[in-house]
Structures are given as structure tokens and as C-alpha cells.
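Peer 1: What follows is a predicted protein model with its sequence.
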Amino acid sequence: MIERYELAKMRVSQIPGEQAVAQPYLDFFQKAADFLIKTIQIMDDKGDGLSFEALKERNRMLYQDISGDNYNVSYGNPSYAKKMLGEYGRDFTFLYGELRGAIVYAHEKDLWEMTVALELFLEVYSAFDQEEIPEEKVVRRILYSYVNDYCQDMMEHHVRSSLDPEMDFAVKIIMEADLSDLSYLYRFGEYISENELGSARFLNTLPQEEIDAMARTYTEGYRIGFINGRKDITKKKTVNIRYNLGFERMVRSAILQFRKMGLEPVIYRHTPHVACKRGSSRIGYTGGVINPQYDYDHRQDYALFLDGEYLQKRLRALQNAYEQYKDLAAVHGGPAVIETFGEAPFSPESKPEAWSLSEAQHKLDLELTNESGQIVNRYIHGDERSFTIIAYPVPEIGTDYPDIFREIVKINTLDYQAYQKVQQKIIDTLDTCEWVEIKGKGDNETDLLIHLHKLTDPKTQTNFENCVADVNIPVGEVFTSPVLAGTGGILHVTKVYLNGLQFRDLKLVFDCGQVIDYTCSNFENEEDNRKYIEDNILFHHPKLAMGEFAIGTNTTAYVAARKYGIEDKLPILIAEKMGPHFAVGDTCYSWAEDTPVYNPDGKEIIARDNEISEMRKDDVSLAYYGCHTDITIPYEELGSIRVIQDDGDMVSIIEDGRFVLEGTEMLNEPFH
């Protein structure tokens, strides 16, 4: 491998001075070679002794091609690649995206990954270093073969990194670096924006006791999640920590606290390989997103190679990888996630030049998601694992960042016992009926009827989970999986931020509990609006069920969001607690429906299934969507939530955006 690497880097170093390839292709190869040479220099040089400013400049240089206006003339931009390279544009923009992984490989000193990336580049270059330009299908075949040839190796590395604590590149930096010297951030190889630097600086101003308390809220939420789920945490040896760079002081404290529980950290990077990822989501630790449009443009690059043959190869690779690391999978406890929020809401441009899945590929993608989920759940059992998730703002949220940060800490540590009692009042009322009506007010056109499961023994059963601050921090919701038959109407929200994307005037129409029509106003063209929803909410399912109905009770978070004007920047983790919300996709209990779940009062939550998830008993491939997207109606747009009793009378829980049910008065106090 060393010999292959040396030969590859030598050949790449020669390309900037060559003229054998015809224009316009030569421009791409020379720019790509210049970029790769920079990563090779990092690969071969430890970088010891570089000043903070030198490291910052190097980081900027590695990412400048896709930043700001530079993206307009970058081959990473599908529109520009098409304009300059014609029919080869999409192939080269795919290659560009794959080569950017060299930044990661260089910082991790990953010889195999770096060599494979260089060799891919050289193979495409060699195809053009001939008397005749190769046909486009020849270039695509090279890229297709690359993904297929290395699928097993990439998947094995990906699975191992998600399970094995000995893959400790990030852990070593977190635990060994001088966190008061922010130079350490550049050792990860991620883009470091002012958000990562500002977060780290701010955390460095906090006393250790406060850092430890923040970490304890997070780690205790994870531990209590096992207790409330009646799962044995002592069977587990690892926990996956996912976070955004800049929070290393909190993560270091959390690692020490997890170790006292007997859990070693597994901290892996979001994958740079298109063969291992889906969409533009970043699962794992990550730095800043220098250009969300770039991520959006490349979210479906796998359309280049997704076919039936690859589907089977990918599934075999995943199965083989988990079988190889089954002992590590058996003792893996699940993820502990620190989300960040505060970036400017992003509404993407839809580019026809970008790779996009065909209808046939969408079906294959859904099959891949479903089958992959089954494989993972065979090795990491849903009834034995847990999770926790918490969120904090980043400096981009505005000049009030320090105050907002402290407000979020307060929200994350609200008295869950007080909320538990109030939420039980709401649940007790909801459990008296089978139907709930939700209506918007003003310009909000929401008009929904929710069908609840029938309780056969109300003394021991309940429909709603009393959600306090354990796995899902902060406190503040009661939720259920509705019966689909009879559930229907219009869900409308004027502005919402879902999966990192902004939706304006979003409307979903439900019949028999499933989405049958949809629109938004992000684009002038209705076709583009529908495609935006299909890509990013429905994920190309012909229908998507309402997997959850919940009532958020965290009015403290709502008032804070209004005070600082950050409603559109909050993550769904907090936003879902700020009004009723409805999830489209799987239920909250997917893959664990047969595991009993109990509220603090001892009642079993029986609404863990719906008509779709119940299909797992006959054909598991029909039971899951592989997605779950929460959509919240804020209190200001909420007219009423009313329980419809058997005699037709109604009992109000919320009227005009305020809680009116007896025993819930505490929830209105933040409004005063």
C-alpha cells in the first residue's frame, strides 16, 4: 500500500505541469491535482509547530473552492460543471465530491483511503490522456466500478468505526489536547467556522462545575433512558457520542462520566463516502457546513451507481461487516447526541444538473433503507439499546448568543417532576376518549381529527407517553401513535425548519392517517414545491403515515424563542415541545413495538403500533418507512385542542394558544 501511495502521489504531482489533456477537461484535472497535492502535504507532514493563524489559513484554503461566490465557478457546483464540461459535467461533479474526502484521509493519516482516492483520480485522468476523448459512458463506468469494487471495504470501515472504541482518532484529540488553545480544532480535518471557534471560546469561559453539570444532564438522560425503558445498561460497554466541533470541553466531561457507568466512547466522523451515506444529513461528529447548497446539490450523487446489482452488493457488505463485528454490536448502547442550532435558515436552489434518483431508483433506495434497518436491528437489538439527545446554540444565532446559551441551559434543566405531574393531567383527560380535534387560528388552516386506540383496561393502560427529560431533552410533551383509520384533515404551518431545511406555508392533507396531498410556497413553480416535499419529507414514499401525534408543553422554550426571535432557528428537538406536533413516517416505537413501555404512574403505553407497523408480523418489508419527521404548530398559530367524548361533548386542553385544562395552569406562567 505504501508503494501504491508513493506512485500515486508522484503521478498526481506531475499533472499541474502537463498539457496533454484537451481543454476544457484539463482545467478540471489541474485544479483537482492542485487540491490533492495540498492534502498530500498534510498527509506527509504532521503539521507540528504551525501557528493558530497558519492552521486557520490552511483550513480556509482547503474549503475555499466551495465557499461563497467561489461556488459559482467550482466544479463541485453541478450547474457550473455542466456548463463547462457538457455531458461529462455530472460525472466530474461526482468525482469532485468523492475526492474532497482526501481532506479527512490526510488528517487521519489513512493510507488506504488516501491511496484509493488518488488512484481513482488518476484512472479518470488517464482515460483523457489519450489521442481521443473517451465516451461519457466510459467515465461513468470507471466511477461505477470504483464504488462497486470498494463497497465491501468502505462498508466494513464504516461499521467498525461506529462500534469499535479502539478507532479513537477523535477521542484522543478530545482527551489529550490543550482545549484552551483552539488550534486543536484544526486537527480534526473538518471545516472550522466561526461557530466552532466561538462555541469553544464560550465554553472556555465557563467554570468546570458548569461544564460538568451540562454534561451530567446529557449523560444522566442517557442512563435514565435505560432505566425508564427497563433495559439493562450493565450489558453495554460502548456509547456513540455524536456532536458538532467546538463542544470538546463538555464532551470530555461526558466521556469521563460515561466511563464511570462502564461505557467507552465511540466517536466517528460523518462519512465522506457517497457509497456509505444517504442524503445530506451528517451522522457522526462534524465541523461547520461551509456551503449548505453544496451538500444539497450532492445529496443524491449515489444515483450514478444505484441499481439492483449494487443494492444486493451493499446489503451483503453491510451484513458481512456486522457479522464480523457482531461482538462489538452486541455491547453497543446506542447514540448520545449533542445537536447545535442557530445557523441562518437555508432554503435551497433546485438544480436540474445535479444527480437525482429516478423513480426506479427511489424504489431501490426505499428497499435499501428497509433492508439495512433490518440488518442493523439484528445485531444491535432495539429492545436493548437506548439513546439521548440534547441541543445548544452556536454563535451565528446572533449577538445575544451568551444569553441564549444560558437560557437553553435553563430550558434543558427544567424541573421534570413538575412537568411530569402536569402532563399526567393532560394524559388522564386524553385517555377518556377516542378522538381529538386540532384547529389552527388566523391564517393557519389546520383542521385535524385524530383517532386514538381504544383502551381495554384504562386502569392499567394509556395511549400517551409522559415524556420527561431523559432520552429526549428538554422536557415537555405527551405523545402517541394514532390509529390511521379515521385520522385525517389538513396540517398547516406558516414556517418550519425540518431536517436543516426551511419550509414556508407547508400544507399536508391526510386521509386514513396518510398524506395524500401536499404543497408549500418555497418556489414559484408548484412542481418544484411538490418535489421539495417529496425529496425532504416524504422521501418518495407514495404515501406516508402520521406516525405520531403529540402535545408540546414547554412554554418556557416557546417564550424564550419569541423573546430572542429565534423560532425559525430552533431544532425540532426543542421546537416539537412548543406546540402540538405530528410526525410523518414511522411511529416512535419502530423496531421495538413488542417491548413494553410504561409511564411513571405504572400504566403501560399500548399505542405503540399502527396499521402500517403491524404489517411486520406478516411482511416486515411493508412495515417501516425509514423516516420520522416532526412538524410543529406553534402556540401562536393554534386555535384549539379538544377531546371529543363519547356523547359528543368536548373538553378543551388548549384554547387560543393557552392551556385551559384544570391542573395545567403552570404552563401559562411563562406567557405572563
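Peer 2: In hand now; what should we look at?
Peer 1: list the contacts for Val394?
Peer 2: 195-196, 198-199, 244, 246, 340-343, 401 (C-beta atoms under 8 Å, 6 or more residues apart in numbering). (Each C-beta comes from the backbone N, C-alpha and C, glycine too.)
Peer 1: Any figure for the gap between it and Pro16?
Peer 2: Val394 sits 37 Å away from Pro16, going by C-beta to C-beta, to the nearest Å.
Peer 1: cool, and Lys531?
Peer 2: Here the distance between Lys531 and Pro16 works out to 40 Å (C-beta to C-beta).
Peer 1: With Gly486 instead?
Peer 2: Taking C-beta to C-beta, one finds Gly486 at 67 Å from Pro16.
Peer 1: Check Ala545 too.
Peer 2: Going from Ala545 to Pro16 by C-beta to C-beta gives 55 Å.
Peer 1: okay, these two: which has more neighbours?
Peer 2: Neighbours were counted for Ala545 and for Pro16 using other C-beta atoms under 10 Å; Ala545 has more, 25 against 13.
Peer 1: Would you agree that one is in contact with Ala583?
Peer 2: No: Ala545 lies out of contact with Ala583 (C-beta atoms under 8 Å); the separation is 9.3 Å.
Peer 1: distance of the residue of the chain positioned farthest from its centre from Gly500?
Peer 2: Distance from the C-alpha centroid of the chain, by C-alpha atoms, centre = their mean, peaks at Glu131 (46.3 Å). Shown here: Glu131 relative to Gly500, a distance of 47 Å by C-beta to C-beta.
Peer 1: picking up where we left off before, quick check on the contacts of Val394: which are buried?
Peer 2: 195-196, 198-199, 244, 246, 340-343, 401 (16 or more other C-beta atoms under 10 Å).
Peer 1: Could you tell me which of those residues belong to helices?
Peer 2: Counting by DSSP state H, these place 195-196, 198-199, 401 in helices.
Peer 1: Tell me which two of those sit farthest apart.
Peer 2: Glu196 and Tyr401 (13.5 Å; C-beta to C-beta).
Peer 1: how about Gly547, secondary structure?
Peer 2: Three-state call for Gly547 (DSSP: H, G, I helix; E, B strand; the rest coil): strand.
Peer 1: Burial check on Arg11, number of neighbours?
Peer 2: 16.
Peer 1: what helix or strand does it sit in?
Peer 2: helix 2-14 (DSSP states H and E).
Peer 1: Let me know the average pLDDT across the next helix or strand after that helix.
Peer 2: Sequence order places helix 25-44 as the next helix or strand after helix 2-14, per DSSP H and E. Mean per-residue pLDDT for helix 25-44: 97.
Peer 1: List the buried residues in helix 25-44.
Peer 2: 25-26, 28-30, 32-33, 35-36, 38-40, 42-43.
Peer 1: sorry, back to before: turn the contacts of Val394 into CSV, including distance to Thr413 and pLDDT.
Peer 2: Shown next, in CSV, are the contacts of Val394 (distance: C-beta to C-beta, whole Å; pLDDT from 0 to 100):
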residue, distance to Thr413, pLDDT
Asn195, 23, 97
Glu196, 24, 98
Gly198, 23, 98
Ser199, 19, 98
Asn244, 20, 97
Gly246, 21, 98
Thr340, 18, 95
Phe341, 18, 93
Gly342, 19, 93
Glu343, 24, 90
Tyr401, 19, 97
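Peer 1: out of the residues you listed, who's nearest Leu430?
Peer 2: Nearest to Leu430, judged by C-beta to C-beta, of those is Phe341 at 29.9 Å.
Peer 1: Identify the residue nearest the closest one in space, chain neighbours excluded?
Peer 2: Closest residue to Phe341 apart from its sequence neighbours, by C-beta to C-beta, 6 or more residues apart in numbering: Pro571 at 4.4 Å.
Peer 1: Run a quick neighbour tally on that neighbour.
Peer 2: Pro571: 17 neighbours (other C-beta under 10 Å).
Peer 1: how close does it get to Glu309?
Peer 2: 38 Å.
Peer 1: same thing with Ser347?
Peer 2: Distance, Ser347 to Glu309, using C-beta to C-beta: 37 Å.
Peer 1: swap in Tyr296?
Peer 2: 28 Å.
Peer 1: neighbour count winner among these two?
Peer 2: Tyr296 (21 against 11).
Peer 1: Dump the helix or strand containing that one to CSV, keeping only the CA atoms.
Peer 2: For Tyr296, the element it lies in under DSSP H and E is helix 292-297. Extracted in CSV, the C-alpha atoms of helix 292-297 (Å, rounded to 0.1, in the frame of the first residue of the first chain):
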residue,chain,number,x,y,z
PRO,A,292,-25.3,24.0,2.6
GLN,A,293,-26.1,24.4,-1.1
TYR,A,294,-23.1,22.2,-2.0
ASP,A,295,-24.4,19.5,0.4
TYR,A,296,-27.9,19.7,-1.1
ASP,A,297,-26.6,19.5,-4.6
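Peer 1: tell me what it is packed against?
Peer 2: Helix 292-297 is packed against no helix or strand, with contacts defined by 3 or more C-beta pairs under 8 Å, 6 or more residues apart in numbering; DSSP states H and E.
Peer 1: Contacts for the helix or strand hosting Phe92, please.
Peer 2: For Phe92, the host element (DSSP H and E) is helix 89-99. With C-beta under 8 Å, 6+ apart as the test, helix 89-99 has contacts from 28, 32, 35-36, 74-78, 81-83, 85, 117, 120-121, 124, 136, 139-140, 143, 146, 272-274, 297-298, 301, 304, 353-355.
Peer 1: relative orientation of it and helix 25-44 in degrees?
Peer 2: On the basis of axes from the mean of the first three to the mean of the last three C-alpha atoms, to 10 degrees, helix 89-99 is oriented at 10 degrees to helix 25-44.
Peer 1: tell me how far the next helix or strand along the chain from helix 89-99 is from the chain's mean position?
Peer 2: Next helix or strand after helix 89-99 toward the C-terminus (DSSP H and E): helix 102-108. Averaged C-alpha coordinates place helix 102-108 at 23 Å from its chain's average position (C-alpha atoms, centre = their mean, to the nearest Å).
Peer 1: And stretch 372-381, by the same measure?
Peer 2: 19 Å.
Peer 1: Who's the closest spatial neighbour of the residue nearest the centre of the chain, skipping the chain neighbours?
Peer 2: Nearest residue to the geometric centre of the chain (C-alpha atoms, centre = their mean): Ser281, 4.8 Å. Closest residue in space to Ser281, ignoring its immediate chain neighbours: Asn499 at 6.9 Å, by C-beta to C-beta, 6+ apart.
Peer 1: Ile572 versus that neighbour, what's the distance?
Peer 2: For Asn499, the distance to Ile572 - C-beta to C-beta - is 8 Å.
Peer 1: Quick check: which helices or strands does the helix or strand containing Thr494 pack against?
Peer 2: Using DSSP H and E, Thr494 sits in strand 483-498. Here strand 483-498 touches strand 447-451, strand 501-511, helix 572-575, strand 628-632, going by 3+ C-beta pairs under 8 Å, 6+ apart.
Peer 1: Quick one: mean pLDDT over that strand.
Peer 2: On average, strand 483-498 scores 95.
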